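Chemist: sequence and computational prediction follow.
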Amino acid sequence: MQTANLAINCRGVSKTFNATTVLDQVDFQLPQGSLGALLGPSGCGKTTLLRLIAGFETLDQGQIWLGQREIANSHRQVPPEQRQIGMVFQEYALFPHLTVGQNIGYGLSRQTHKQQRIDELLELVGLSGLAQRMPHELSGGQQQRVALARALAPKPQLLLLDEPFSNLDAGLRDQVRTATKQILRQVGATALFVTHDQEEALSLADQVTVMLGGKVLQSATPHELYLRPTSRAVAEFVGEANFLPGVARENRVECALGQLLLTKPMHGPVTLMIRPEALNLVPDPSGHGQIMGQRFYGHDQLIDLQIGNLTIAARTGPRLDLAPKMQVGVSVQGPVVAFQAE
Ligand SMILES: Nc1ncnc2c1ncn2[C@@H]1O[C@H](COP(=O)(O)OP(=O)(O)OP(=O)(O)O)[C@@H](O)[C@H]1O
């Protein structure tokens, strides 16, 4: 693997707490300048991996490099304060007795241009004029920006964010996420954040890494991960998916929906993964699908379809006028992903 442009490179990283393996031979890489997400259900080990990279935990096996510098192996750990890593915590961890400006300047040594740097950061995060405020006088979104500015102030090589948006209410969250991404892009930062929210991971990150049971299942762009998951577990965790049996021959597969194209050649019994929005429905009295249920959301609608003895979900636009018991023709848009049947 080309390692020259990697900001983080974890090789065979394992961690055990009280005889429980929390990280099992994890390989993880993040390119310079990109925004990575560690995504997985509660307890899968994502926070532990973040804490190992930060240096708050020691690893049992493996190595971690930050750029070309090895920062941790099973014998030697560079202390957290020498890693040049910035950190944004879930609860922001602002110093309550320091002003906004003092919080942002906290990690800056007594350098001559300290005030200038604080002003730059205040401007960057859109808080110019609030330098004298105390943290409790700020909204949640503003506190998050102060935490971000404080972490970026010393120009870290890498920024780690632990569930950075989970303390914000739903209305504000999307706005703060977008603003955070813009700020990170503007300064060309490399950042890695932990989340269990798939929408957050897909909409924000350049690279999403799905973890389950202490292992990395797949690391890819959001697009690749959603359209070409390499395992059923990833397909199930990221988005909604239908799974149906089929028999593959080269690039084609025979299934209840007819003959479909595969994303890669396969042979024998397979399990097909079809996203609900990849199904195209057309009202047709001789169609082989029947509408069993319908949930209308306005921007789209979710349809339960019966095809033979198979029940599958389809997502269509709001304009298609469908009703329960109606017969529909069903086709699939684009090639489908198949997994070798278990
Ligand atoms: N210091 C510790 N001592 C003992 N067990 C720990 C410690 N830190 C984490 N664990 C355990 O390791 C497992 C993974 O925890 P981790 O926090 O990495 O998961 P996570 O994927 O980030 O989950 P969450 O989203 O709930 O934070 C959990 O079972 C947790 O209880």
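Modeler: Yes, it's here. Residues are numbered from 1 along each chain as shown.
Chemist: so which bits of the stretch 51-200 of the chain are right by the ligand?
Modeler: Residues of the stretch 51-200 of the chain lying near the ligand by C-beta under 6 Å from any ligand atom: residue 196. Just so you know, the C-beta spots here come from the backbone N, C-alpha and C atoms, and that holds for glycine as well.
Chemist: where do the strands sit along the stretch 51-200 of the chain?
Modeler: Shown for the stretch 51-200 of the chain, the strands assigned by DSSP state E, counting those that start in this stretch span residues 61-66, 69-73, 85-88, 158-162, 191-195.
Chemist: dump those strands to CSV, plus mean pLDDT and mean neighbour count.
Modeler: CSV is the format used below for the strands of the stretch 51-200 of the chain (pLDDT from 0 to 100; neighbours: other C-beta atoms under 10 Å):
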stretch, mean pLDDT, mean neighbour count
strand 61-66, 97, 19
strand 69-73, 95, 17
strand 85-88, 92, 23
strand 158-162, 95, 23
strand 191-195, 96, 26
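Chemist: how about those strands, which one is nearest residue 134?
Modeler: Closest approach to residue 134 among the strands of the stretch 51-200 of the chain (C-beta to C-beta): strand 85-88, 19.3 Å.
Chemist: CA atoms of the closest one as PDB?
Modeler: Extracted in PDB, the C-alpha atoms of strand 85-88 (Å, rounded to 0.1, in the frame of the first residue of the first chain):
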ATOM      1  CA  ILE A  85      -3.400  15.700  17.500                       C
ATOM      2  CA  GLY A  86      -6.400  18.000  18.300                       C
ATOM      3  CA  MET A  87      -9.500  16.600  20.000                       C
ATOM      4  CA  VAL A  88     -13.100  17.700  20.100                       C
END
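Chemist: give me the contact list for it.
Modeler: 53-55, 66, 107, 144, 147-148, 151-154, 156-162, 164 (C-beta atoms under 8 Å, 6 or more residues apart in numbering).
Chemist: rerun that using 6 Å as the cut-off
Modeler: Strand 85-88 has contacts (C-beta atoms under 6 Å, 6 or more residues apart in numbering) with 54, 147-148, 151, 156, 158-161, 164.
Chemist: coming back round to it: ok, which of the strands of the stretch 51-200 of the chain comes nearest residue 128?
Modeler: Per C-beta to C-beta, nearest to residue 128 of these: strand 85-88, 20.2 Å.
Chemist: low-confidence ranges in this protein?
Modeler: Within the chain, the stretches with pLDDT under 70 are 1-2, 111-112.
Chemist: quickly list the domain ranges of it.
Modeler: 6-237, 242-340 (automatic domain parsing).
Chemist: measure the first one end to end?
Modeler: Chord length of domain 6-237, first to last residue, is 27 Å (C-alpha to C-alpha, to the nearest Å).
Chemist: how far away is the residue in the stretch 151-300 of the chain that the ligand sits nearest to from residue 57?
Modeler: In the stretch 151-300 of the chain, the residue that lies nearest the ligand is residue 196 (5.1 Å; C-beta to the nearest ligand atom). Per C-beta to C-beta, to the nearest Å, residue 196 is found 19 Å from residue 57.
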